[in-house]
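> Below: sequence and its predicted model.
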Amino acid sequence: MQANFSHMKDYIGHNVQINRGGPEKQFGELLDLQKDFLTVKGENDVVFYYHAAHLKSVTVNTKEELEVTVTPIPEEKVVTFAKADSFNELLQALQYSWVQINRGGPEKVEGALLSISEDHVILANDAELMHISMFHIKSVSNPVTTKQEEDSNENNDSNDNKDENQSNNEDTKEKSNQKKRTTSNNRNSSLFSNNWQPVQRRKSSSSKKGC
């Protein structure tokens, strides 16, 4: 039987804890609450949509809330999230976006949400098409790092490596030129030493007479 959390609408905007443990345990701000799913903002402003059918508990720290009402709250940037009347409609709103289904365990998967039906969804990740039962979807989120961002990071790393290699090549070239200059200076010094003969001083006439 699906739990009904509609009585918690008064806690929208408050900090809550989803479940007491396990991979779906989450601390965050309750953003929205519908008949069969909850929307929570977690760390790094990542938005999680929890399927109410799998929620075991939602905990509100009343002591913390009392402290928050006394302490001025700094302005926070507005977090956008999908809105819908049901979990199925929510998934349709997220269609074609990169999502993560479930937070942990063997059922955690990521991919582009291609198709949504009454009993399952289809995710695409590289060459794989994953058909996932709607019953086993505990939560959905838009992960911070998507496939495109990973590719972008790889390109940035590649560019950094190119810059580093170029810098190393320039250092090597400079050392080579410096070595050539040193060798040339040593050669010139050697030639000068071989060809230079000290000039004997002539004895003065006075010294000859004295003799």
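That came in fine, so what should we check first?
> What helices and strands are in contact with the host helix or strand of F48?
Element membership for F48, per DSSP states H and E: strand 47-51. Counting contacts by 3 or more CB pairs under 8 Å, 6 or more residues apart in numbering; DSSP states H and E, strand 47-51 packs against strand 26-33, strand 37-41, helix 87-93, strand 139-141. Any C-beta I mention is one placed from the backbone N, CA and C, and that applies to glycine too.
> Show me what that strand pairs with in its sheet, parallel or antiparallel.
strand 37-41 (antiparallel), strand 139-141 (antiparallel) (DSSP bridges).
> quick one, the longest one and strand 26-33 angle?
Yep, that's strand 37-41 we're talking about. 120 degrees (axes from the mean of the first three to the mean of the last three CA atoms, to 10 degrees).
> re earlier: format the strands paired with strand 47-51 as CSV; extra columns: distance to R20.
Shown next, in CSV, are these (distance: least, CB to CB, whole Å):
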stretch, distance to R20
strand 37-41, 15
strand 139-141, 15
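> Make CSV out of the ones you listed and add mean neighbour count, distance to A82 and mean pLDDT.
CSV is the format used below for the strands paired with strand 47-51 (neighbours: other CB atoms under 10 Å; distance: least, CB to CB, whole Å; pLDDT from 0 to 100):
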stretch, mean neighbour count, distance to A82, mean pLDDT
strand 37-41, 23, 8, 94
strand 139-141, 22, 9, 96
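> low-confidence ranges in this protein?
Scanning the chain for pLDDT under 70 picks out the ranges 1-4, 63-77, 144-169, 171-177, 179-211.
> Would you state the helices of this structure in chain order?
62-70, 87-93, 147-195, 205-210 (DSSP state H).
> Now do the buried residues in the second one.
I take that to be helix 87-93. In terms of neighbour count (16 or more other CB atoms under 10 Å), helix 87-93 has its buried residues at 87-91.
> Determine the set of other helices and strands touching it.
strand 47-51, strand 109-116.
> Could you list the residues in contact with that helix?
34, 36-37, 49, 51-52, 82-84, 113, 116, 118, 121, 134, 140 (CB atoms under 8 Å, 6 or more residues apart in numbering).
> Kindly indicate which of these lies nearest S6.
Comparing the contacts of helix 87-93 against S6 with CB to CB places Q34 closest, at 8.3 Å.
> what about the residue nearest to the closest one when sequence neighbours are not counted, neighbour count?
The spatial neighbour of Q34 that comes closest, neighbours along the chain excluded (CB to CB, 6 or more residues apart in numbering), is D85 at 6.1 Å. Other residues near D85 number 11, with proximity taken as other CB atoms under 10 Å.
> With G42 as the reference, measure out to D85.
Taking CB to CB, to the nearest Å as the measure, D85 falls 23 Å from G42.
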